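coordinates for the following, if possible.
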Amino acid sequence: MRRFWILTGCLVLLLQAAACGSTTPPRRIADYLGPQSMEEVASTPLPPRPIHAGLVIVPDTSAPQAAPLLPHEALNRLTQRLQQELSQMTPVVIDKIIPADGIRPDGDPSELRRLGKQHGVDYLVMIVASSTEQEYPMTLFLGWVTHAQPGWRRDNWSLLEVALIDTKTGQALLHAEGRGFATLDRPAAPGINQWYPVIWLRPQDPARRYWPPTYAGAPNTLRVVAMNEAAKRLVLNLQDAWIQKRQLELDAAG
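Numbering: from 1, shown residues only. Here you go, the predicted model:
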């Protein structure tokens with residue numbers, strides 16, 4: 001039985017490595033804006049800075065193998081964090097947070113135009129949050145590998161996609177994304193609190209660990225950690241996307 005768990009874990013590690021190099025989870029933002037709108041991002045000029053906008057975060061669970069939503073409190077903290085960091089680190093100033101009620105993955109941006117009119121904003125920063133998970137058996141070692149116990153590893157791939165929307169036209173002006181990955185190791189039975197459950201940032205920061213406050217809540221902590229990693233990259237990538245597009249516009253004008 002122990003050999004089965006080890007072999008199964010090794011096999012899924014190979015699948016995990018392949019998934020890390022692929023588009024996991026799949027991009028979802030075109031389902032909300034329509035493929036044509038996303039294709040026109042490069043040709044649509046940016047407005048003068050600073051841009052004052054509303055922020056709406058859309059939790060998406062419509063993809064196959066989608067992980068459950070973040071808990072409400074965690075989603076609120078993520079929203080507030082992104083409001084602050086986008087306002088401080090990009091040319092977009094987030095003036096208000098707008099509920100995502102009514103936004104659906106049907107490729108019709110008319111709801112975004114309605115939200116802009118309803119809330120009095122000319123621009124909208126829409127962020128689609130999604131994640132994918134898989135869990136598989138894994139042999140866990142206690143102490144200095146003196147004792148092995150069957151357990152589970154859960155991988156979470158999280159994705160944040162952002163688009164800057166002109167609410168008068170529904171057109172996307174800028175697009176970027178950030179991805180995060182984390183793993184959760186937990187024994188098949190609770191009670192080994194000294195070592196498990198534990199969350200790792202593999203492979204990008206293998207020395208960093210997080211201990212969830214409870215065994216039952218460990219999957220939610222995993223999702224929060226992975227989504228926070230995605231948020232870090234989202235802000236930096238949006239900065240880069242703005243600089244690159246502005247430079248292209250300056251080159252074309254010159």
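
please, where are all the helices along the stretch 1-150 of the chain?
2-20, 29-33, 35-39, 72-89, 110-119 (DSSP state H, counting those that start in this stretch).

which of those comes out lowest on mean pLDDT?
Note on the helices of the stretch 1-150 of the chain: lowest mean pLDDT is at helix 2-20, with a mean of 41.

could you list the low-pLDDT ranges of this structure?
Applying pLDDT under 70 to the chain flags residues 1-22, 143-146.

strands of that one, residue ranges please.
51-59, 92-97, 123-142, 147-166, 171-187, 198-201, 205-210 (DSSP state E).

so in that sheet, which strands flank the fifth one, and in what orientation?
The reference is to strand 171-187. strand 147-166 (antiparallel), strand 198-201 (antiparallel) (DSSP bridges).

again, but for the first one
Neighbouring strands of strand 51-59 in its sheet, by DSSP bridges, are strand 92-97 (parallel), strand 123-142 (parallel).

tabulate those (JSON lines), appending distance to Trp242.
(Each C-beta comes from the backbone N, C-alpha and C, glycine too.) Output for those, formatted as JSON lines (distance: least, C-beta to C-beta, whole Å):
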{"stretch": "strand 92-97", "distance to Trp242": "8"}
{"stretch": "strand 123-142", "distance to Trp242": "12"}
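
quick one, which of those strands is packed in tightest?
strand 123-142 (a mean of 21; mean count of other C-beta atoms under 10 Å).

put the alpha carbons of that one into PDB.
Provided in PDB are the C-alpha atoms of strand 123-142 (Å, rounded to 0.1, in the frame of the first residue of the first chain):
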ATOM      1  CA  TYR A 123     -13.600  53.500 -16.800                       C
ATOM      2  CA  LEU A 124     -13.900  50.200 -15.100                       C
ATOM      3  CA  VAL A 125     -11.100  47.800 -14.000                       C
ATOM      4  CA  MET A 126     -12.600  44.300 -14.300                       C
ATOM      5  CA  ILE A 127     -10.700  41.400 -12.700                       C
ATOM      6  CA  VAL A 128     -11.800  37.800 -13.300                       C
ATOM      7  CA  ALA A 129     -10.600  35.500 -10.500                       C
ATOM      8  CA  SER A 130     -10.400  31.800 -11.100                       C
ATOM      9  CA  SER A 131      -8.500  28.700  -9.900                       C
ATOM     10  CA  THR A 132      -8.100  25.000 -10.500                       C
ATOM     11  CA  GLU A 133      -7.200  22.300  -8.000                       C
ATOM     12  CA  GLN A 134      -6.200  18.700  -7.900                       C
ATOM     13  CA  GLU A 135      -5.600  16.400  -5.000                       C
ATOM     14  CA  TYR A 136      -3.700  13.100  -5.000                       C
ATOM     15  CA  PRO A 137      -2.200  10.700  -2.400                       C
ATOM     16  CA  MET A 138       1.200  11.400  -1.000                       C
ATOM     17  CA  THR A 139       3.500   9.900   1.600                       C
ATOM     18  CA  LEU A 140       4.200  12.400   4.300                       C
ATOM     19  CA  PHE A 141       7.300  12.200   6.600                       C
ATOM     20  CA  LEU A 142       7.300  13.300  10.200                       C
END
